[in-house]
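In: mind folding the following:
(chains A and B)
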Protein chains: 2
Amino acid sequence: MSSWEAYVRKVVPYVPGEQPKQKDIIKLNTNENPYPPAPGVEKVLRDFSADELRLYPDPEIRDLVDAIAEQKGLASNQVFVGVGSDDVLAMAFLTFFGSQKPVLFPDITYSFYDVWAELFRIPYEVQPLDENFSIVASDYCKANGGIVIPNPNAPTGVEEPDGVLEEIIRNNPDSIVIIDEAYVDFGAKSVLPLIDTYDNLLVVQTFSKSRSMAGSRIGFAMGNPKLIQYLNDCKYSFNSYTMDRLTILLGKAAVEDQAYFSEQVERIIDTREWTKKQLQELGFTMPDSKANFVFASHKRVDAKTIFEELKQRGIFVRYFNKPRIDNCLRITIGTNQEMEALVAALKEIINQ
Amino acid sequence: MSSWEAYVRKVVPYVPGEQPKQKDIIKLNTNENPYPPAPGVEKVLRDFSADELRLYPDPEIRDLVDAIAEQKGLASNQVFVGVGSDDVLAMAFLTFFGSQKPVLFPDITYSFYDVWAELFRIPYEVQPLDENFSIVASDYCKANGGIVIPNPNAPTGVEEPDGVLEEIIRNNPDSIVIIDEAYVDFGAKSVLPLIDTYDNLLVVQTFSKSRSMAGSRIGFAMGNPKLIQYLNDCKYSFNSYTMDRLTILLGKAAVEDQAYFSEQVERIIDTREWTKKQLQELGFTMPDSKANFVFASHKRVDAKTIFEELKQRGIFVRYFNKPRIDNCLRITIGTNQEMEALVAALKEIINQ
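Out: Next up is the predicted model:
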């Protein structure tokens, strides 16, 4: 070991889902959107000249911040933009979770939360979901250094019942409560209206799922102006030009086309509901997902076997080898055609 | 004050140079390249379909890492890519500067170093440059928790004499030494060949200056595979998909056109040398810059006055209101035409 290694920040990094390079696969493993971004995005690409890349982007990402604010009915100083919601969440952990008390989040959840806590040496304590994969509100009403809850949750797709999140936010005036709404657009209720009431609430959303732009890396947070200012201060202390010139314009075009957005989201919801029925008929059970994926387990065939059999057939889904969920598969909702192919393959596998 | 504010990470953020929105100005304030990126970059833009944005990018940024490695004659596991060299440097501070001993860097230097140290609560100690704006090697041969030295330095443009950096690297086997070579392509000598000899050396470069892609946010670091692995582990613990799909391809196209790169760099060097002579004739003095800017002060008219007078004429340069350099202007090298306009304006201002 080299002597300088003593001072290296050693971490166990997050492992993202596979990004296979083959073109002829059905990719249902990373919750991407099967439909292209809004037509305005293509138009921005066609009109953009490479010469513009020689100049730094606007460090305030003003065009995109303003467009999001307008679409959400907010002031621009209530919106923070980052390079994907992972960047936003990382910055929020760094900015807000400086207490010695533990940050709280569910045991079954987005597997990046504990990675950020470990990276920044933030103490944390996971709170077990109940047997229906719902949070227990009282678990989040004890001393803590911050709270992060995804709604709907990943990888379960479960939406918390109305009122539960507000109860937690109201009971924690001394902590920042982050509600991670990466999947909220697929039929769940956002807590966004609560940011005017609670100055400790940060709502995080993304362009990666409902806006078909995972490849562009755009995420954003909404909260009261003081929260957003603190986030920006840390962002400017980390990297002042985080978002490239072109992506700012692409994001703006996407957010401005609300009609296209709603139409794609509805299509995915329809396909999800169809998929649920098909899977149930095949003997799968699953919580009632409000996201662009389902989280299914089969009564007879174990998840790992199904995962591998699907992969052999060129269908990629996500399997987590973790306690309590190691018999579940997270299956992204693709096009109708893709889901029909999935159901056909599952029929084969189940009836082998 | 809200009670949660006690645990907020409070910082004084870096302030980037102005990015004025007017189109009819001469922008010599943020060291951008006046020429467009390589023609291949435009071609990638024309061929790229928005539909590709719906999928996550390759988290390993493989296409771009491989292209840089090939151009530099390295193995791919010796290269780390980030969202601008600021992102690379921020990640390197977070990863490597975990000692309780102070990190060392010059007093006159890139004004982001102390911002990162403050953000991550890293102790640091600035070392004064000598009267010629050169580092004093012995200042960097005492107990420390890491070293970061830009070469050529910014905002001075000064290149350290041959051998000085190697002496420092060799004398610090227990610390990571970062050489920040953002401006090295404009005629200075890179320490890159030393990464095979010293496992504590990290060399950081960028596409923002010599490759005309400030607007794309691409920076990279080179070092031994162990260093790069540690950097990647922290990166994957912060944000696994940092670089968008399109930027990866744009960067690859830029790095593959070495002929265009050399030609643009030579043009800027020629213009710089012409500019130096003109400024000297007007009574300016300046260190011998090896960067794409000069750092000039006038014997009679103070820098702040010149800065403001230039701004009134639509010419933006950079002025730092800081000890030792508050009578200097950092002037980016633009096109010949832009520098002629600058010289004409300066003549007017000086002779008022």
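In: would you map out the domains in chain A?
Out: As given by automatic domain parsing, the domain ranges for chain A are A:18-37+A:259-350, A:39-256.
In: deepest of those, which one?
Out: Highest mean neighbour count of the domains of chain A: domain A:39-256, a mean of 21 (counted as mean count of other C-beta atoms under 10 Å in any protein chain shown). (Glycine included, C-beta is placed from N, CA and C.)
In: so can I have a markdown table of the domains of chain A showing distance to chain B?
Out: Output for the domains of chain A, formatted as a markdown table (distance: least, C-beta to the nearest C-beta, whole Å):
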| stretch | distance to chain B |
| --- | --- |
| domain A:18-37+A:259-350 | 4 |
| domain A:39-256 | 3 |
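In: distance check, A:Thr156 against A:Arg324.
Out: Using C-beta to C-beta, to the nearest Å, one obtains 10 Å as the distance from A:Thr156 to A:Arg324.
In: and for these two, which residues touch both?
Out: By the contact definition C-beta atoms under 8 Å, 6 or more residues apart in numbering or on different chains, A:Thr156 and A:Arg324 are jointly contacted by A:Ile108.
In: quick revisit: want to throw the domains of chain A into JSON lines with mean pLDDT and distance to B:Ala90?
Out: Converted to JSON lines, the domains of chain A look like this (pLDDT from 0 to 100; distance: least, C-beta to C-beta, whole Å):
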{"stretch": "domain A:18-37+A:259-350", "mean pLDDT": "96", "distance to B:Ala90": "25"}
{"stretch": "domain A:39-256", "mean pLDDT": "97", "distance to B:Ala90": "5"}
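In: excluding chain neighbours, what is closest to A:Pro42?
Out: One correction, residue A:42 is Glu, not Pro. Spatial nearest neighbour of A:Glu42, chain neighbours left out: B:Ala50 (3.9 Å); criterion: C-beta to C-beta, 6 or more residues apart in numbering or on different chains.
In: isn't the one you found right up against A:Val41?
Out: Yes. Taking C-beta atoms under 8 Å as the definition, B:Ala50 is a contact partner of A:Val41 at 4.5 Å.
In: list residues touching both of these two?
Out: A:Leu250.
In: one step back: distance of the residue nearest to A:Glu42 from B:Phe238?
Out: The gap separating B:Ala50 from B:Phe238 is 27 Å, by C-beta to C-beta.
In: need the helices for the stretch 251-352 of chain A, in chain order.
Out: Assigned by DSSP state H, counting those that start in this stretch, the helices in the stretch 251-352 of chain A fall at A:258-281, A:303-312, A:336-350.
In: reformat the ones you listed as TSV; add distance to B:Asp244.
Out: Formatted as TSV, the helices of the stretch 251-352 of chain A follow (distance: least, C-beta to C-beta, whole Å):
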stretch	distance to B:Asp244
helix A:258-281	20
helix A:303-312	27
helix A:336-350	24
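In: kindly state which of these is positioned closest to A:Leu329.
Out: Closest to A:Leu329 of the helices of the stretch 251-352 of chain A is helix A:303-312 (C-beta to C-beta; 5.0 Å).
In: now do the helices in the stretch 101-250 of chain A.
Out: Shown for the stretch 101-250 of chain A, the helices assigned by DSSP H, counting those that start in this stretch span residues A:113-119, A:164-170, A:225-238, A:245-256.
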